[in-house]
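In: just a sequence and a predicted model for now, questions to come.
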Amino acid sequence: MVPMGGLMRYHGNGAHRFLAVGVILAAFACGADARAEESDSKPAQSVRQRAGTKPSSRLGVLRVKVDLPGAKVLLDGKLLGTAPLEAPVRVSPGRHVIQALGAEIEDTRQIDVAAGKASDIELKVAPKQDEEAPRPPPPPLVPLSEPQAQPLPALESAEVPHGIVEAGVAATLLVSLFALGTGAAAAAKEAASEARRDEACRSCPGAYNDMQRDAAWGVCGDGVRGGDEACDDGNSLLGDGCDTACAIEPCFVCMEIPPGQSQCGSTCDAALGEQCWEGACVSCADGVQNGSETGVDCGGGCASCLGDACADAASCASGHCADGVCCTEACTDDCMSCNAAGVCTGVPSGEEDGLCGGTSSCDGEGACKKNGGEPCVFSKECLSLLCIKGSCI
């Protein structure tokens, strides 16, 4: 800055004096601006210092922890961010509402925050353990033809016992042989099936293709067994052993003679009187009530039982037909008849069976006795067993 004394002592022409005065005035102005900036900066710095100390003592600190990353966190209805929150939150003292929003669960809580103190809160919105991801799928099955070698447990000695080596080799050989046998059996079965399909299409016109062959193979009633047919006897009749669906009927057995065409026969022996009943062969002479029999070896498909109505002895299992029913015996003697149970017994006493004549009646024991008033010699001749003065009483 130019001192006032220098200004006063400066001499020169008019232009020089005018330039000197301008320089002096500019220096004064710069000095005034510097002092104004310095005075302005001190109050602002004081305000910043007060703002940095006083508000921190009037606020509280809230540390929020959420157990599900990515969950939204709200404070008093306003979004703070997503979990996890990296830094604590400064809040005014008092009661606040803190929320965590998960995919399925919401956790809302209230917390009182004190000025100048830190408060912690933990919100839980993660799914429960039993609601987490499903169980992992079971490990894939290892094909039988490719057995996986399992490591043996480490032994204290470096030498592997011969017994373990031999057992492992034997097991590997068994598995390999089983796989080879299974594959060979499957190949043989497929070859046989292929041959049957070819046999079925020998009548196909020209060079048949697979569609023609498969169409001809397995048609029930064409006389060639194929597909899922159990038999094929060339017709769609019932009762001949192979039914309308080409399934073997009960009590029959079928064979392919010639190959491809089924010939069926009954397993029941007609000479023994066997018949098929509910899938089994039963007989009228096996001593057991079975099939359609109404008694032991009688009734139903067998000959009639005792007491059943009959016209001749051939229709009765007992071989006897008396008084219109199958009877235990011929029952042809005087005063004998077959009752409703098929048992031959005496005609009741005093009744006439048509064989005793008009002067006698049956005594109930299969004999004719004289009626009362008939002449007699002995009492046993009379139905009353009393003969007095030569006359039955």
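Out: Thanks, I have it.
In: how many residues are close by the closest residue to V125 other than its chain neighbours?
Out: Distances taken as C-beta to C-beta, 6 or more residues apart in numbering put G102 closest to V125, at 3.1 Å, once the chain neighbours are dropped. Bear in mind the C-beta positions are built from the backbone N, C-alpha and C, glycine included. The tally of other residues near G102 (other C-beta atoms under 10 Å) stands at 19.
In: got a list of what G102 touches?
Out: L68, A71, V125, A126, P127 (C-beta atoms under 8 Å, 6 or more residues apart in numbering).
In: any idea whether the first one is helix, strand or coil?
Out: Under the three-state scheme (DSSP: H, G, I helix; E, B strand; the rest coil), the conformation of L68 reads as coil.
In: just checking, it touches L101?
Out: No: using C-beta atoms under 8 Å, L68 is not in contact with L101, being 9.6 Å away.
In: can you list residues touching both of these two?
Out: In contact with both L68 and L101: V125, using C-beta under 8 Å, 6+ apart.
In: what is the neighbour count of the nearest residue to M336 once chain neighbours are set aside?
Out: Spatial nearest neighbour of M336, chain neighbours left out: G366 (5.1 Å); criterion: C-beta to C-beta, 6+ apart. By other C-beta under 10 Å, the residues close to G366 number 16.
In: G366 against C344, yeah?
Out: No: if you go by C-beta under 8 Å, G366 and C344 don't touch, sitting 9.3 Å apart.
In: so what's the residue nearest to R90 when sequence neighbours are not counted up against?
Out: For R90, ignoring the flanking residues on the chain, the nearest one in space by C-beta to C-beta, 6+ apart is L59 at 4.7 Å. By C-beta under 8 Å, 6+ apart, L59 lies in contact with R90, V91, S92, P93, A115, G116.
In: closest to L355 out of the residues you listed?
Out: Nearest to L355 among the contacts of L59: V91, at 131.4 Å, using C-beta to C-beta.
In: my guess is that closest one meets V113, correct?
Out: Yes: counting by C-beta under 8 Å, V91 touches V113, with 5.5 Å between them.
In: if I look at K380, how far off is G354?
Out: 23 Å (C-beta to C-beta, to the nearest Å).
In: neighbour count for these two, which is higher?
Out: K380 (12 against 8).
In: the more buried one belongs to a helix?
Out: Yes: judged by three-state DSSP, K380 forms part of a helix.
In: pop the domain breakdown of this structure in here.
Out: 4-56, 59-123, 191-267, 303-345, 347-393 (automatic domain parsing).
In: deepest in the core, which of those domains is it.
Out: Counting by mean count of other C-beta atoms under 10 Å, domain 303-345 has the highest mean neighbour count of the domains of the chain, with a mean of 17.
In: state the mean pLDDT of that one.
Out: Throughout domain 303-345, pLDDT has a mean value of 95.
In: renumber starting at 25 from here on
Out: From this message on, residue numbering opens at 25, which makes the last subject domain 327-369.
In: which parts of the stretch 75-224 of the chain are helices?
Out: Ranges of helices within the stretch 75-224 of the chain are 186-224, based on DSSP state H, counting those that start in this stretch.
In: could I get the full set of strands for it?
Out: Shown for the stretch 75-224 of the chain, the strands assigned by DSSP state E, counting those that start in this stretch span residues 84-90, 96-99, 102-106, 113-115, 118-125, 130-137, 142-147.
In: show me what the first one pairs with in its sheet, parallel or antiparallel.
Out: Sheet pairing for strand 84-90, assigned by DSSP bridges, gives strand 113-115 (antiparallel), strand 142-147 (parallel).
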